[in-house]
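> no FASTA, just this:
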């Protein structure tokens, strides 16, 4: 019973990774220097830069910001439920 939840958790992690790559590409094209050595720590700064840049350009927060937030919340929920049902 817990395997489907763990698979959904892994799928959510995949969406989070894809959105991280998309955000990094977006901010790099707008002149933000990407530090690949500290990428795992700096990704939250890049998401703040993405949020700021998309608000300035379009007046709305970009979709990758919400995709990452939702993916990480769903990952947490699916993994906790999967562990509880195990």
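Received, thanks. Note that this is a predicted model, so its numbers are computed, not measured.

> model confidence over the longest helix along the chain, on average?
Criterion DSSP state H: the longest helix present in the chain is helix 3-29. Helix 3-29 shows a mean pLDDT of 94.

> so how far is it from its chain's centroid?
Taking Cα atoms, centre = their mean, to the nearest Å, the mean C-alpha location of helix 3-29 is offset from the chain mean by 5 Å.

> list the helices and strands that helix packs on?
With contacts taken as 3 or more Cβ pairs under 8 Å, 6 or more residues apart in numbering; DSSP states H and E, helix 3-29 sits against helix 39-58, helix 63-85. Bear in mind the C-beta positions are built from the backbone N, C-alpha and C, glycine included.

> Not counting sequence-adjacent ones, nearest residue to residue 15?
residue 71 (4.1 Å; Cβ to Cβ, 6 or more residues apart in numbering).

> I'd like the helices and strands packed on helix 3-29 laid out as a markdown table, including mean neighbour count, mean pLDDT and distance to residue 28.
Output for the helices and strands packed on helix 3-29, formatted as a markdown table (neighbours: other Cβ atoms under 10 Å; pLDDT from 0 to 100; distance: least, Cβ to Cβ, whole Å):
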| stretch | mean neighbour count | mean pLDDT | distance to residue 28 |
| --- | --- | --- | --- |
| helix 39-58 | 14 | 94 | 9 |
| helix 63-85 | 16 | 94 | 13 |
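
> right, so of these, which gets closest to residue 12?
Closest of those to residue 12 is helix 63-85, at 4.0 Å (criterion: Cβ to Cβ).

> Distance check, residue 70 against residue 42.
From residue 70 across to residue 42, the span is 21 Å (Cβ to Cβ, to the nearest Å).

> coming back round to it: mind putting the helices and strands packed on helix 3-29 in TSV, distance to residue 11 included?
Conversion of those to TSV gives the following (distance: least, Cβ to Cβ, whole Å):
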stretch	distance to residue 11
helix 39-58	20
helix 63-85	8
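
> Residue 26 is nearest to which of these?
Nearest to residue 26, of all those, is helix 39-58, at 5.8 Å by Cβ to Cβ.

> What helices and strands are in contact with the closest one?
Looks like helix 39-58 contacts helix 3-29, helix 63-85 (3+ Cβ pairs under 8 Å, 6+ apart).
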